[in-house]
Structures are given as C-alpha cells and as structure tokens.
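Asker: Generate coordinates for the sequence data below:
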Amino acid sequence: MLKKINRLSHPAVRFLSILLLTSFGLTACAQPTPSTTVSSQPAGTTAPAGGQNTITIQGVILTNGTVFVTEAPALYRLTNDMLSIQLPAGSPSYKPGALVEFTIQDAIRESYPPQATAISSRLIKENSSTIIAPINLGPNLQMHLGDAAVLIDVRTPQEFAEGHLAGALNIPLNDIQKVIASQVPDKNKTILLYCRSGNRSATAAKQLKKLQYAVVFDLGGVNSFTGDLVK
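Answerer: You can find the predicted model right below:
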C-alpha cells in the first residue's frame, strides 16, 4: 500500500492527473456555438418557395402591360419610369389610371422599358393623381405608347412657334377645357402636358383630372428640356 501511494504522489503522475481532470472539465462545460445565417438578399426583397427573390413595387397603369412605376426599392432604379409587366394567368384586368401594387420577380430583363414578371397584384386606388415627371421623359413615353398617348403644349401659339417638342399638339391653357373633348375624346389615353416653366401645365393637369381623364402627366417646363426643339 505504501508503494502505491508513493507512485501516485510522484510529480509526473500528479501533473498527468491534473491535466486529464482539466481537459474533462473544459469539455463538459463547453456550450455549442449558435450558427448565424447572413442573408444575401437586398433590402426590400423576399424569397418565396423555389428560391426566386421578389420585390414589391407600385405603379400607375398606362396601357395593358405597361406601368409607370411610382415606388420601388432604390437598388433597382425603376422609380419614375415605365416598366413592362407580364401578369400571371387569371390576373384581374386593371383600367388605365389605376394605382396597383405588384410583387414581381427581381430578375428584371433589360430593354426599354425594362421587362418584369409579376407573381401577384393588388389594386390600391382606381383613379390615380396627376403624375409628376421630368420633361425629358416625354418623348420616351410618347414613342413607347404611340397612339395611346397625346403630348400637349399648353403655351400660346406664339410660344409654340418658337420651338416645341416633336409631335406635340398645341392647345393653350385658356382653351383646353373647351376643346379637349374634341381633340382627345378617349379619356383612357395618356395625356402628357408641358408649358414654359411648369405653372400652366400644373393648372391644365388639374382641369383634365376634373374632367375624368384617367392618366395625366405634368412634365413641367420646356425650359428644362435638354433635347432638340422643332419649329
């Protein structure tokens, strides 16, 4: 018995015993580290079943399949321009001028206008307010929408003759309420208004909305136009 005690009291044996006890204690007390998942999705997106990211936007219906985007995540640079949207089969049909919320796939196809595929849609308001947009967008809207849009210069004939946007119809502000029904009988057409500085176009826009025109753009003043004017 004395020999066994002497062996256990040897310094090397004591050191080994302490080392084993310490290792056992650390293992028993260790707690699992919780895992952290970092999302690679941009802010404002969601990932439905299947893995395809989606984003939510709002826009005014211009024609069947073309929307003017009023709200969208900044990352995608869709706001204040047109977007072509393919709706799923069985989707409701929205009238021009309706403000609609869309959930779309974030794989935006490059073209002009850009193209997107909608997952779902929801009507926010049947009749939208006047759309404020820069005058440089006017020719793009007119070219894409074709006969579904009318570009109107509400300045005087003298101002109009000094230089105007190509394809514009001259209807002075003082006359617009009297002649608009004969010039643009279809109230679902997109009306694009501009003047010299933006005051008269804003007034004309209010008048046309009161007359129940569905889609009215106030493009502001021709003084801000950076393209070529025609005479």
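Asker: Quick check: buried residues in stretch 206-223?
Answerer: 207-209, 213-222 (16 or more other Cβ atoms under 10 Å). For glycine as for every other residue, the C-beta is placed from the backbone atoms N, C-alpha and C.
Asker: ugh, typo on my part, it should be stretch 163-177
Answerer: Under 16+ other Cβ under 10 Å, the buried positions of stretch 163-177 are 164-165, 168, 171-173, 176.
Asker: now do stretch 154-165
Answerer: Buried, per 16+ other Cβ under 10 Å, within stretch 154-165: 154-156, 159-160, 164-165.
Asker: Any chance of those in JSON lines with secondary structure, pLDDT and distance to Ser201 as columns?
Answerer: Output for those, formatted as JSON lines (DSSP: H, G, I helix; E, B strand; the rest coil; pLDDT from 0 to 100; distance: Cβ to Cβ, whole Å):
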{"residue": "Val154", "secondary structure": "coil", "pLDDT": "98", "distance to Ser201": "6"}
{"residue": "Arg155", "secondary structure": "coil", "pLDDT": "98", "distance to Ser201": "9"}
{"residue": "Thr156", "secondary structure": "coil", "pLDDT": "98", "distance to Ser201": "13"}
{"residue": "Glu159", "secondary structure": "helix", "pLDDT": "98", "distance to Ser201": "13"}
{"residue": "Phe160", "secondary structure": "helix", "pLDDT": "98", "distance to Ser201": "13"}
{"residue": "His164", "secondary structure": "strand", "pLDDT": "98", "distance to Ser201": "13"}
{"residue": "Leu165", "secondary structure": "coil", "pLDDT": "98", "distance to Ser201": "12"}
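Asker: Pick out the most distant pair among those residues.
Answerer: Checked with Cβ to Cβ, the buried residues of stretch 154-165 reach their widest spread between Thr156 and Leu165, with 15.5 Å between them.
Asker: quick one: contacts for Glu101?
Answerer: Contact analysis of Glu101 by Cβ atoms under 8 Å, 6 or more residues apart in numbering lists 56-58, 121-124.
Asker: Centre of the chain to the one helix or strand it maps to, how far?
Answerer: Taking DSSP states H and E as the criterion, Glu101 maps to strand 99-105. Computed by Cα atoms, centre = their mean, to the nearest Å, the chain-centroid distance of strand 99-105 equals 9 Å.
Asker: Show me what the mean pLDDT comes to for it.
Answerer: When pLDDT is averaged over strand 99-105, the result is 97.
Asker: Just the strands from the protein, written as ranges.
Answerer: 45-46, 54-63, 66-71, 81-86, 99-105, 115-125, 131-132, 149-153, 169-170, 190-195, 215-221 (DSSP state E).
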